[in-house]
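[1] give me a model of this one.
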Amino acid sequence: HLLTADDYPLDPAIESAYANSAVLVFETDMNAMLAPETQQLIMAKAILPGQRTLEGELDPEVYAMLSSKLAEAGLPAAAVQKFKPWFATMTLMVLRMQAMGFDPNLGLDQYFHRKAMADRKTEVGLESIEFQINLFDALSAGNQNGYTKHALIELEQMETMLADMMTAWKNGDLESLDEMMRTSFEEYPGMYEKFVTDRNKTWAEKLAELAAKDQTCMVVVGAAHLGGKEGLIELLKAKGYTVEQL
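    Sure thing, here's the model as predicted:
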C-alpha cells in the first residue's frame, strides 16, 4: 500500500495487465477511502471516549516504550493522548515509513485507482471501509498491550523487513513473502487469522464470482494476501482456477 518513487516505472507486465483489464478490484472502495466522511469515521473510531487516555489504556512499561518511539519520530505522546493504541501505533508506523521514502500516494492501489478513474474503468471493492476500520478497532480492544508491543517490535524490524519484502515482491518470491509475514505475526496467531487468512477466504469467494463474469479483472491487494497455503493464489487454485505468474 506504500511504495517509493524509485519503484516506478512498474514492470511492463503489470502495466499490460492493467491495459487488458476492464475492471479494477481493490481491497476496498477507493473512492470511499479518500472521502471526507471516511476520515470522520476513522476519527470517531480512533478517539478514546470520555476521560480515557492512551496512557491509561496501556501498562506503564508498554506506554513508556510507545512514548519513546513517538518522541524519536518527533511526535510527543501528548499529541496522541486521546487516541486508541491502534491509531497511535499506526500513525507511528506511517511516520517511520515516510521517513524511509515510502508514500501512500505512491502505493499500487492509489496508482491504479487514479489510472482507472482517468480511463473510466469499473472499480470494485472486496470489503467496506467500515469493516477495515472495525477490524483494527476490535482487534486491539481486547489486547491493547499485546497489539502495541507487536507493532513496536515490527517498527524496530521495519527497515530490514521492508527491504527484504520489497526484494521478494519485485522478484515474485511469494514463498519468502509468506514466511516473512508469518514470522512477524508468530506470537499473535489470532491476529494473523483476522488480518490475513479470514479475509483471504472471503475475498476468494468474491473473486470467483467476478471470474464467472465475461470481463477481465485486475486485482490489486496487499502482498501479504498472496502467498502461502491460505493465500489467495492457493485458494483460487483449489477452486479450479489456473494461476500463471507473469
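[2] mean confidence score for the helix or strand containing Met65?
    Met65 belongs to helix 60-72 when assigned by DSSP states H and E. In this model, helix 60-72 has an average pLDDT of 94.
[3] list the buried residues for it?
    Buried residues in helix 60-72, counting neighbours by 16 or more other C-beta atoms under 10 Å, are found at 62-63, 65-67, 69-70. To be clear about C-beta, it is placed using only N, CA and C from the backbone, and glycine gets the same treatment.
[4] okay, which residue of this protein is out on the far edge from center?
    Gln51 (30.5 Å; C-alpha atoms, centre = their mean).
[5] pretty sure it is in a strand, no?
    No. According to DSSP: H, G, I helix; E, B strand; the rest coil, Gln51 belongs to no strand; its state is coil.
[6] number the chain from 863, please
    Fine by me, first position is 863 from now on; the one you just mentioned is Gln913.
[7] for it, give me the pLDDT.
    The model's pLDDT for Gln913 equals 95.
[8] and what of the one 3 residues further on?
    In this prediction, Leu916 carries a pLDDT score of 95.
[9] now it. Its backbone dihedrals?
    phi -60, psi -40 (degrees, to the nearest 10).
[10] right, and it touches Ala926 too?
    No. Using C-beta atoms under 8 Å, Leu916 makes no contact with Ala926, being 12.0 Å away.
[11] next helix or strand past the helix or strand of the chain with the lowest mean pLDDT?
    Lowest by mean pLDDT, DSSP states H and E among the helices and strands of the chain is helix 1051-1054, with a mean of 76. From helix 1051-1054 onward toward the C-terminus, using DSSP H and E, the following helix or strand is helix 1060-1073.
[12] helix or strand right after that following helix?
    strand 1079-1082.
[13] in its sheet, what does that next one sit against?
    When sheet partners are counted by DSSP bridges, strand 1079-1082 sits next to strand 885-890 (parallel).
[14] with just CA atoms, put the partner strand into PDB.
    Extracted in PDB, the C-alpha atoms of strand 885-890 (Å, rounded to 0.1, in the frame of the first residue of the first chain):
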ATOM      1  CA  VAL A 885     -12.400  -3.900 -14.100                       C
ATOM      2  CA  LEU A 886     -10.100  -3.000 -11.200                       C
ATOM      3  CA  VAL A 887     -10.600  -4.900  -7.900                       C
ATOM      4  CA  PHE A 888      -9.200  -3.400  -4.700                       C
ATOM      5  CA  GLU A 889      -9.400  -4.400  -1.100                       C
ATOM      6  CA  THR A 890     -12.000  -1.700  -0.500                       C
END
